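# with the sequence up front, the predicted model follows.
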Amino acid sequence: MDSPPQDYVIMPGRRRNDHCGVVGFNGKVNISLYLYYALRALQHRGQESAGIGVFNNKIIVTRGMGLVNEIFNLDSLKKLNSNVGIGHVRYSTSGSSTINNAQPILIHGSAGDMAIGHNGEISNAGELKEFLESQGISFSTESDSEVIIRLLSYNISKMGNIVEGIRKTMSMLIGSYSLVLMINNRVFAIRDPLAIRPLVLGEVENAVGVASESVAFDTLNGKIIRDIKPGEIIELKEDGYLSFGTIENGHMAHCMFEYVYFARADSIIDGRSVYDVRKNLGKILARESPVEADIVVPVPDSGRTHALGYAEESGIPFVEGLMKNRYVDRTFIIPDQMGRIQEIQLKLNPVKNVIKDKKIVLVDDSIVRGNTMKKIVNLLKSSGAKEVHVRIGSPPIIAPCYLGIDMKTRSEFIAAGKSIEEIRKIINADSLAYISIDGLIEAIGFNRDDLCLGCLTGIYPVKIKGEKYREQKSLDIY
Ligand code: SF4
């Protein structure tokens, strides 16, 4: 995975909370360490800020900039002693990288103390904010997550019932949201009706919880109960959970990019092993776009599992021809352009004796801008590779994501408006092939209608101003 476009323009009334991870627990024991370790397991979903909210007579939220282990230590966690709580890790681009936008967001509204952690992006946040402002409600951030929590507070107090207020809010939100919500000492988990972002229910010793990915429960030696269903509202209880039913939409729109790149390979999302999907992507890619070569080399770490699949299917040996410096952060996560360029050079080093005079199949999960891929191809060639054939485990990204992944500016996608041959020339590869959309769908194993493919097709599962969207049931179904 190479770097995303950087000139993202925040639309009025919207500030994204993409690349996030959420957790929540209710138990018979102090759950602060559960929250801490779960957030550490989800650190790949956001590295700029993190926060924990617990209930001790009132909701107490502690947030900070940086990694989870930089913000919290044993002493600070002791102060968060509680049997209910939620947590959040967040990534954002440079403009919104402030403590003010860190989560959980806490408000003291007419429905009581409420705190929220949000993974996703609300497309109609601007309109909803205007509506709430017209009702005399003021905002302290530009975050779409603040729009959600203030709308929840408004609807809950208006309807006099928490679950009805949540349902009413869901009927008004358009976009992606996996939420953890505290209302005083009660903890809820909510997933949007299209189940765009992941959210899984699990249990650990003496507590029940939810997390963005199943790895959080693996880390805690717990187990998965099940995925939160599309449009489901769950309340975590100290010895179980209550489901208040789902809002069926007729189909889902799971983000294909969670499987291709974003989630951890050891996670299981909506019943699919991310590792297996990535390996399938590599296998199908090998069938669709074979090449005569001596070795298959992954771009570490993002292309490793895809490359394993490609090697297995093609019979070409898998070789670690590029070594990654593990003490440099992921390129994708660095908001600053100059910082990223320097980090690429720090990050990868070719193993010259294994690539010298070899015809290489270089496999990665995706290409966004193409800068990194061009550098890697040139690095391999200047280190002695005879040929470099690039194979990509997702179809070309040609359109922005408005639903929670940081890919926003059409003009900077290398594939937008260019042929594969034009892209090949730019990245200086001897050949280039992407997996087909049909191949991607086959690898993930859901029906086409149950996946979001917006950034590949320009057709989105929810209404986005100025973009095409696929037909779906109206919000009246709520
Ligand atoms: S547009 Fe692409 S990245 Fe965004 S939710 Fe849809 S599939 Fe995922």
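Thanks, I have it.

# I'd guessed His251 sits against Arg448; true?
No: contact criterion CB atoms under 8 Å: His251 and Arg448 do not qualify, at 9.5 Å. Heads up, the C-betas are built off the backbone N, CA and C, glycines and all.

# what comes up buried for the one helix or strand Lys425 maps to?
Using DSSP states H and E, Lys425 maps to helix 420-427. Buried residues in helix 420-427, counted by 16 or more other CB atoms under 10 Å: Ile423, Arg424, Ile427.

# mean confidence for that helix?
Helix 420-427 shows a mean pLDDT of 97.

# next structured bit after it?
From helix 420-427, the next helix or strand downstream (DSSP H and E) is strand 431-434.

# distance from that following strand to the middle of the chain?
Distance of strand 431-434 from its chain centroid, counting by CA atoms, centre = their mean, to the nearest Å, is 26 Å.

# likewise stretch 131-149?
24 Å.

# just the C-alpha atoms of it, please, in CSV.
Output in CSV follows, covering the C-alpha atoms of stretch 131-149 (Å, rounded to 0.1, in the frame of the first residue of the first chain):
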residue,chain,number,x,y,z
PHE,A,131,-30.5,21.2,11.9
LEU,A,132,-29.1,20.8,15.4
GLU,A,133,-27.8,24.4,15.4
SER,A,134,-31.3,25.6,14.4
GLN,A,135,-32.5,23.8,17.5
GLY,A,136,-30.1,25.9,19.6
ILE,A,137,-27.4,23.2,20.0
SER,A,138,-23.8,24.4,19.8
PHE,A,139,-20.7,22.5,18.8
SER,A,140,-17.1,22.6,20.1
THR,A,141,-15.4,20.6,17.3
GLU,A,142,-15.8,20.1,13.5
SER,A,143,-16.0,16.4,14.0
ASP,A,144,-18.8,14.4,12.5
SER,A,145,-18.7,12.3,15.6
GLU,A,146,-19.8,15.3,17.6
VAL,A,147,-22.7,15.6,15.3
ILE,A,148,-23.6,12.0,16.1
ILE,A,149,-23.5,12.4,19.8
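
# near the ligand, from the buried residues of helix 420-427?
Among the buried residues of helix 420-427, no residue sits close to the ligand (CB under 6 Å from any ligand atom).

# buried residues in stretch 430-437?
Asp430, Ser431, Leu432, Ala433, Tyr434, Ile435, Ile437.

# excluding its backbone neighbours, what's nearest the residue of the chain positioned farthest from its centre?
In terms of distance from the mean C-alpha position of the chain, Asp357 ranks first, at 38.6 Å (CA atoms, centre = their mean). Distance criterion CB to CB, 6 or more residues apart in numbering; nearest residue to Asp357, sequence neighbours excluded, is Lys386 at 5.3 Å.

# and that neighbour, what's its pLDDT?
The per-residue pLDDT of Lys386 was computed as 98.

# the stretch 301-450 of the chain: helices as residue ranges?
Ranges of helices in the stretch 301-450 of the chain, per DSSP state H, counting those that start in this stretch, are 304-314, 337-347, 352-355, 371-382, 420-427, 437-444.

# lowest average confidence across those, which one?
Looking at the helices of the stretch 301-450 of the chain, the weakest mean confidence is helix 337-347, a mean of 59.

# how about Ile190, nearest residue that isn't a chain neighbour?
Nearest to Ile190 is Leu179, by CB to CB, 6+ apart, at 4.3 Å.

# relative to Asn119, how far out is the one you found?
8 Å (CB to CB, to the nearest Å).

# quick one: common contacting residues for those two?
Taking CB atoms under 8 Å, 6 or more residues apart in numbering as the contact rule, Leu179 and Asn119 both touch Val22.

# let me have the buried residues of stretch 430-437 in a markdown table, extended by distance to the ligand.
As requested, these are exported to a markdown table (distance: CB to the nearest ligand atom, whole Å):
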| residue | distance to the ligand |
| --- | --- |
| Asp430 | 29 |
| Ser431 | 26 |
| Leu432 | 21 |
| Ala433 | 20 |
| Tyr434 | 15 |
| Ile435 | 14 |
| Ile437 | 11 |
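
# just the residues you listed now: which is nearest Ser382?
Nearest to Ser382 among the buried residues of stretch 430-437 is Asp430, at 14.5 Å by CB to CB.

# hang on, the earlier thing: among the helices of the stretch 301-450 of the chain, which is the most enclosed?
helix 304-314 (a mean of 24; mean count of other CB atoms under 10 Å).

# so how far is that helix off the chain centroid?
Distance, centroid of helix 304-314 to centroid of chain: 24 Å (CA atoms, centre = their mean).

# for the stretch 101-250 of the chain, which segments count as strands?
105-109, 112-122, 175-183, 186-191, 200-204, 207-211, 223-227, 233-237, 240-243 (DSSP state E, counting those that start in this stretch).

# I'd like the ones you listed as TSV, with mean neighbour count appended.
Compiled in TSV, the strands of the stretch 101-250 of the chain are given as follows (neighbours: other CB atoms under 10 Å):
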stretch	mean neighbour count
strand 105-109	18
strand 112-122	27
strand 175-183	27
strand 186-191	25
strand 200-204	22
strand 207-211	29
strand 223-227	15
strand 233-237	21
strand 240-243	14
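
# distance of the residue nearest to Ile190 from Ala211?
Applying CB to CB, the value for Leu179 to Ala211 is 13 Å.

# likewise Ala111?
When distance is defined by CB to CB, Ala111 is 25 Å away from Ala211.

# get me the contact residues on the stretch 101-250 of the chain for the ligand.
Going by CB under 6 Å from any ligand atom, the residues of the stretch 101-250 of the chain near the ligand are Ile196.

# shared neighbours, Leu179 and Ala211?
With CB under 8 Å, 6+ apart, Leu179 and Ala211 have common neighbours Val22.

# follow-up on the earlier one: nearest to Val29 among the buried residues of stretch 430-437?
Distance to Val29 across the buried residues of stretch 430-437 (CB to CB) is lowest for Ile435, with 45.7 Å.

# ok so, going back, quick one: the strands of the stretch 101-250 of the chain as a markdown table, columns for mean pLDDT too.
Below are those laid out as a markdown table (pLDDT from 0 to 100):
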| stretch | mean pLDDT |
| --- | --- |
| strand 105-109 | 93 |
| strand 112-122 | 95 |
| strand 175-183 | 97 |
| strand 186-191 | 98 |
| strand 200-204 | 98 |
| strand 207-211 | 98 |
| strand 223-227 | 98 |
| strand 233-237 | 98 |
| strand 240-243 | 97 |
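
# can I get those in CSV with distance to Leu322?
Listed next are these as CSV, based on distance: least, CB to CB, whole Å:
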stretch, distance to Leu322
strand 105-109, 40
strand 112-122, 31
strand 175-183, 33
strand 186-191, 37
strand 200-204, 32
strand 207-211, 32
strand 223-227, 34
strand 233-237, 43
strand 240-243, 44
